[in-house]
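Asks: predicted model and sequence follow; I will ask about them next.
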Amino acid sequence: MKGKMTEWPGGMNIFSGGTRNEINLSRPWQREMIIDPNTCPLENIPQTVIAEYKDGLEKWRVIKTTNTPYPFHLLIIPERCWGKEKLQTLGGFLEVRTALAILEDILREYRKDGTIILGVHVGYAAGQNTGHLHWHIIELPQKNPDDVTEKKIRKCAKNPSLLILDDRAISVVAGGQRGGQCFFVPKGTENTLHGLALNLVEIIHMYNDKFMSTEGLPPEYMVGLKFRKRGFMYGFYIPILNHLGFPEYFSLLGEEPRSITLPWPHEKTVAHLKGAGR
Ligand SMILES: [Zn+2]
C-alpha cells in the first residue's frame with residue numbers, strides 16, 4: 001500500500017500512511033526542562049519593561065527582547081519562573097486568558113493595524129531555551145497581507161474526519177506539516193479570545209494525557225497564533241512527537257516530491273485523542 005499525499009498551505013505536500021500508520025509514543029530523545037530561578041536570565045538580568053499587569057494570582061510583565069532579528073518583538077512573562085507542571089499547561093485557563101488580554105492591550109497601544117504572531121515554546125525540543133515561560137509577540141513585515149493561508153486552512157478544516165473539538169467560538173482540527181499538529185479556526189468575532197483560551201487549554205490537557213511518552217513525559221510543544229488588525233485569524237498547536245528527516249530537508253531545498261512525511265496520518269491523531277485509554 002502506498003502513502004497518501006495531501007496539500008496544506010505553504011507549498012509543501014503532506015505524505016502519510018503506507019506502512020507508517022501507528023502512533024509512536026516512544027521519545028527517548030526528550031529531556032525534562034531545568035528551571036532554576038537563581039540562574040534565570042529573565043529574573044537576574046535587568047530588562048526593559050514596557051508594561052506591568054496583575055491578574056490576582058500573578059504579576060506579569062511585557063519586556064523588550066534583546067536577541068531578535070525582528071524590529072518589533074516583545075515578550076509577555078510572569079514575574080517569576082513557574083514549576084514544570086504549571087509551565088506544561090501554560091498556567092491553565094486563567095493564565096492563558098491573561099496572556100491574551102495583555103496581547104490585546106499591547107496591540108491597542110502599539111500596533112493597531114499590524115499583522116502580529118503570538119507564540120510560545122514549551123520544552124527544549126520545541127525551541128524553549130529559558131525555563132521561564134515567555135510568550136513572544138512579533139510583528140510580521142506584511143505590507144499588503146492577503147488571506148490565502150487562512151482561506152486554505154478553513155477549506156482543509158472542513159474535513160469532518162479531522163475535527164477534534166468544536167464549540168461556538170472555535171473549531172480545532174488536525175492537520176499541517178507536523179505529526180499531531182492541529183489548528184484553531186475562529187468562527188466569528190464574539191468571545192473569540194475567551195473561546196481560544198478554553199480550547200487551547202483543553203487541547204494541551206488532551207495531548208499531555210494521550211501523548212504521554214512511554215518514558216513518562218508529556219509532549220513538548222509550541223503554540224502559534226496569528227492576529228491582524230487585532231482580530232484572531234487562526235492558530236496552531238504543534239507537539240514535538242518526531243523530527244524532520246533528511247528527505248524533508250531535500251524537499252525544503254525544492255527537490256521533488258516537495259513533501260513532508262508524517263509519522264502517522266492526521267486521522268490517526270484524531271482517533272487517538274478521541275479514543276479510550278492511551
Ligand atoms: Zn525565571
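Replies: It's in. Residues are numbered from 1 along each chain as shown.

Asks: next up, the contacts around Ile106.
Replies: Ile50, Ala51, Val62, Leu74, Ile76, Ile137 (CB atoms under 8 Å, 6 or more residues apart in numbering). C-beta coordinates here come from the backbone N, C-alpha and C atoms, glycine included.

Asks: helices or strands up against the helix or strand hosting the second one?
Replies: In this structure, Ala51 sits in strand 49-54 according to DSSP states H and E. If you count contacts as 3 or more CB pairs under 8 Å, 6 or more residues apart in numbering; DSSP states H and E, strand 49-54 packs onto strand 59-64, helix 92-110.

Asks: quick one, it and strand 59-64 angle?
Replies: Between strand 49-54 and strand 59-64, the angle comes out at 160 degrees (axes from the mean of the first three to the mean of the last three CA atoms, to 10 degrees).

Asks: how close does Tyr110 sit to the ion?
Replies: Tyr110 sits 25 Å away from the ion, taking CB to the ion, to the nearest Å as the criterion.

Asks: can you check Gly175 too?
Replies: For Gly175 relative to the ion (CB to the ion), the value is 34 Å.

Asks: and that residue, how many neighbours does it have?
Replies: Using other CB atoms under 10 Å, Gly175 has 22 neighbouring residues.

Asks: tell me which parts of the stretch 51-200 of the chain are close to the ion?
Replies: Proximity of the stretch 51-200 of the chain to the ion is confined to Cys81, His132 under the rule CB under 5 Å from the ion.

Asks: in terms of helix, strand or coil, where does Val270 fall?
Replies: When classified by DSSP: H, G, I helix; E, B strand; the rest coil, Val270 comes out as helix.

Asks: residues in contact with the nearest residue to it once chain neighbours are set aside?
Replies: Nearest residue to Val270, sequence neighbours excluded (CB to CB, 6 or more residues apart in numbering): Ala174, at 5.0 Å. Ala174 sits next to Leu162, Ile164, Gly180, Gln181, Cys182, Phe183, His266, Glu267, Thr269, Val270 when contact means CB under 8 Å, 6+ apart.

Asks: can you check Pro265 too?
Replies: Neighbours of Pro265 in contact, by CB under 8 Å, 6+ apart: Lys4, Ser16, Gly17, Asn21.

Asks: can you tell me which of these is nearest the ion?
Replies: For these, the residue nearest the ion by CB to the ion is Ser16; the value is 39.0 Å.

Asks: so the closest one is in which element?
Replies: Judged by DSSP H and E, Ser16 forms part of strand 13-17.

Asks: next: Thr66.
Replies: Counting by DSSP H and E, Thr66 is part of no helix or strand.

Asks: and it, what's its pLDDT?
Replies: Note on Thr66: pLDDT of 82.

Asks: same deal with Pro257?
Replies: 85.

Asks: do Thr269 as well
Replies: 97.

Asks: that one against Gly180, yeah?
Replies: Yes - assessed by CB atoms under 8 Å, Thr269 is found in contact with Gly180 at 5.2 Å.

Asks: so how far is the helix or strand that comes right after the strand holding Ser16 from its chain's centroid?
Replies: Counting by DSSP H and E, the element after strand 13-17 in chain order, helix or strand, is helix 41-44. On the basis of CA atoms, centre = their mean, to the nearest Å, helix 41-44 sits 24 Å off its chain's mean C-alpha point.

Asks: let me see the mean pLDDT of helix 41-44.
Replies: 94.

Asks: and the contacts of that helix?
Replies: Taking CB under 8 Å, 6+ apart as the rule, helix 41-44 contacts Pro37, Asn38, Ile63, Leu75, Ile77, Arg80, Cys81, Thr130, His132, His134.

Asks: skip the chain neighbours and tell me the closest residue to Met206.
Replies: Nearest one to Met206, counting by CB to CB, 6+ apart, is Leu273 at 5.5 Å.

Asks: SS state for the one you found?
Replies: helix.

Asks: thought it was touching Leu163?
Replies: No - checked against CB under 8 Å, the pair Leu273 and Leu163 is beyond contact range at 10.5 Å.

Asks: quick one, which of the two is more surrounded?
Replies: Each of Leu273 and Leu163 has its neighbours counted (other CB under 10 Å); Leu273 has more, 20 against 16.
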